[in-house]
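> Build me a model from this:
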Amino acid sequence: MPTYSHNIPDQPSGHALPIRRTPAYGALVATVTTPDLIGCYTHYFHGRTTPCEKPNCDACNEGIPYRWHAYLAAVDKKSALHFIFEVTAAGAEPFTTYRDQHGTLRGCLFQAQRWRQRPNGRILIQTKPADLTGILLPAPPDMVKCLATLWSLNGVPPKSTKRSPEKKTKIFPIREQHQQPTPIPDE
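Take a look at the predicted model:
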């Protein structure tokens, strides 16, 4: 039986936040809500980013290269969407510099864009303290739980989803083709 309420919960979607990356065109302007970034080695494996789980990592065993990604939560300045921002180690350097200077990332206003506006162009990030006068930032999410939800970990390492092509493909019978009705002739 569902539990109904007249009030909106504090976390309506649980620990799930959408993930955003630096756009290919234009810029992303947002304010960080977490006190620090969190990072790990990841693989691009079976069409998605997954964490490296050495020593029993299926992606490593298949020879897929890994790279380090940083994650932090932020609020988009235009849409007010609370999201997880993913960035590579090179792109994360401005955040670590800001954290070292200010003691925290929370309240850091950043602009992320790609050099020469190319889909895989180098990421350029500019940071500065946000003017939070009259603005209440959302509470920082538990990033470990958010990433576990994003990667479907749930406290248990993900299992490889190796499937044969036959299991990936469904065969449907061909439906009979309906004939178009003949138009009514004009009188």
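> Could you tell me the end-to-end distance of stretch 102-111?
Distance between the boundary residues of stretch 102-111 (C-alpha to C-alpha, to the nearest Å) amounts to 18 Å.
> no wait, stretch 133-149
Rule used - C-alpha to C-alpha; the end-to-end distance of stretch 133-149 is 33 Å.
> quick one: buried residues of that stretch?
Leu137, Pro140, Pro141, Met143, Cys146, Leu147, Ala148, Thr149 (16 or more other C-beta atoms under 10 Å). C-beta here means a position set from N, CA and C on the backbone, and glycine is covered the same way.
> Tell me which other helices or strands the longest strand anywhere in the chain touches.
Longest strand in the chain by number of residues, with DSSP state E as the criterion: strand 66-76. For strand 66-76, the packing partners by 3 or more C-beta pairs under 8 Å, 6 or more residues apart in numbering; DSSP states H and E come out as strand 27-32, strand 38-45, strand 82-88, helix 89-102, helix 143-150.
> could you redo the last one with a cut-off of 6 Å?
If contacts are counted by 3 or more C-beta pairs under 6 Å, 6 or more residues apart in numbering; DSSP states H and E, strand 66-76 sits against strand 27-32, strand 38-45, strand 82-88.
> can you put those in TSV and add distance to Ala70, mean neighbour count and mean pLDDT?
Compiled in TSV, the helices and strands packed on strand 66-76 are given as follows (distance: least, C-beta to C-beta, whole Å; neighbours: other C-beta atoms under 10 Å; pLDDT from 0 to 100):
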stretch	distance to Ala70	mean neighbour count	mean pLDDT
strand 27-32	11	20	97
strand 38-45	4	17	92
strand 82-88	5	21	95
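> For these, could you give me JSON lines that also reports distance to Glu62?
Shown next, in JSON lines, are the helices and strands packed on strand 66-76 (distance: least, C-beta to C-beta, whole Å):
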{"stretch": "strand 27-32", "distance to Glu62": "32"}
{"stretch": "strand 38-45", "distance to Glu62": "8"}
{"stretch": "strand 82-88", "distance to Glu62": "22"}
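> which stretch among those comes nearest Leu109?
strand 27-32 (5.2 Å; C-beta to C-beta).
> partner strands of the closest one, parallel or antiparallel?
Here strand 27-32 is paired, per DSSP bridges, with strand 66-76 (antiparallel), strand 108-114 (antiparallel).
> Turn those into TSV, including mean neighbour count, mean pLDDT and distance to Asn7.
Output for the strands paired with strand 27-32, formatted as TSV (neighbours: other C-beta atoms under 10 Å; pLDDT from 0 to 100; distance: least, C-beta to C-beta, whole Å):
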stretch	mean neighbour count	mean pLDDT	distance to Asn7
strand 66-76	20	95	22
strand 108-114	20	96	31
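> In a markdown table, list these along with distance to Pro55.
What follows is the strands paired with strand 27-32, written out as a markdown table (distance: least, C-beta to C-beta, whole Å):
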| stretch | distance to Pro55 |
| --- | --- |
| strand 66-76 | 13 |
| strand 108-114 | 34 |
